[in-house]
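> One predicted model, sequence on top.
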Amino acid sequence: MMKAVNVVRIDILTVKPYMKLFLLLIAVGLLFGMGNKEPYVIPPMFMIWASFFVAYPFSIGEKNSLDRLYGTFALKRKDIVAGRYIFSLFSAILSMIFAILSVYVSSVFIKKDIEIEALLFVVCFGFLMFAAVISFQIPMYFKVGYTKARVLTYLPLMLIGFAAPMISLIPSDSTVGRLFSDIGKILEEKTYMAYAIFLGASIIVLYISYLISSRIYEKKDI
């Protein structure tokens, strides 16, 4: 476990020069929430940006042949994979913290009360989006490298962007429409169930992704 933590430390050092970009995105998210007068859009937005941040260690590692450097530190491949997923979770948690702070800061300026249940809902949903995206991205990065996988890894985001408006076009009186309506009512009435579903699904997809990445990287020639 400690070796995986060492990988995280190396990844943090490699992305440190990009922290100014991260701070800039925080400012953009804050201004967007204030300008749109809807602070609840900030957490999902921040979680999507966090998924981009996860790619930096792979990009920098590929350009500078860090895989060979890891070998000099006697790091096993499973430690590197675990370290990358821990770094991803660290990025997600950091983004969550800044997202929540940004929600409250923007609410002060637009004079809007924040409901804790609604905030937790969008934070958990944002984390599910993050988990779904990186669960596809990271195995691809380990499989073919950042440069070759870069375009393919945008597919989950494109699917989310395509599916979101399409759902609103489903007739409310159709079978699928009634199903979505019933699910929405259940989640609205039992908000804590929604938290559990979102977080549980996130953990499952991340764990499956971790197993896939471990198998891919163990067989990869470096």
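Received it, and whenever you're ready, just let me know what you need. Residues are numbered from 1 along each chain as shown.
> How about Val7, nearest residue that isn't a chain neighbour?
Once its chain neighbours are removed from consideration, Val7 has its nearest residue in Gly83; the separation is 2.5 Å (Cβ to Cβ, 6 or more residues apart in numbering). All C-beta atoms are positioned from the backbone trio N, CA, C, and that covers glycine.
> Could you say which helix or strand holds the one you found?
Element membership for Gly83 (DSSP states H and E) is helix 77-110.
> elements contacting that helix?
In terms of contacts (3 or more Cβ pairs under 8 Å, 6 or more residues apart in numbering; DSSP states H and E), helix 77-110 is packed against helix 2-15, helix 19-36, helix 42-54, helix 56-64, helix 116-144, helix 191-219.
> repeat that for 10 Å
The criterion is 3 or more Cβ pairs under 10 Å, 6 or more residues apart in numbering; DSSP states H and E, and the helices and strands that helix 77-110 contacts are helix 2-15, helix 19-36, helix 42-54, helix 56-64, helix 66-72, helix 116-144, helix 191-219.
> most packed of those?
Greatest average neighbour count among the helices and strands packed on helix 77-110 goes to helix 42-54 (a mean of 24), per mean count of other Cβ atoms under 10 Å.
> which stretches of the chain have low pLDDT?
1, 65-73, 156-158, 160-190, 221-222 (pLDDT under 70).
> Help me confirm that Ala55 comes into contact with Arg150.
Yes - using Cβ atoms under 10 Å, Ala55 and Arg150 qualify as a contacting pair, with a distance of 7.7 Å.
> who touches both of these two?
Common contacts of Ala55 and Arg150, defined by Cβ atoms under 10 Å, 6 or more residues apart in numbering, comprise 137, 141.
> Which of the two has more residues huddled nearby?
When neighbours are counted by other Cβ atoms under 10 Å, Ala55 comes out ahead of the other of Ala55 and Arg150, with 19 against 16.
> quick one, what contacts that one?
Ala55 makes contacts with 15, 88, 134, 137-138, 141, 146, 149-150, 153, as judged by Cβ under 10 Å, 6+ apart.
> ok now do the most centrally placed residue in the chain, which residues does it touch?
Computing the C-alpha centroid of the chain and ranking residues by Cα atoms, centre = their mean puts Phe130 first, at 2.4 Å. The contact partners of Phe130, taken as Cβ under 10 Å, 6+ apart, are 43-44, 46-51, 54, 88-89, 91-92, 95-96, 202, 206.
> same thing but at 8 Å, please
Applying Cβ atoms under 8 Å, 6 or more residues apart in numbering, we find Phe130 in contact with 47-48, 50-51, 92, 95, 202.
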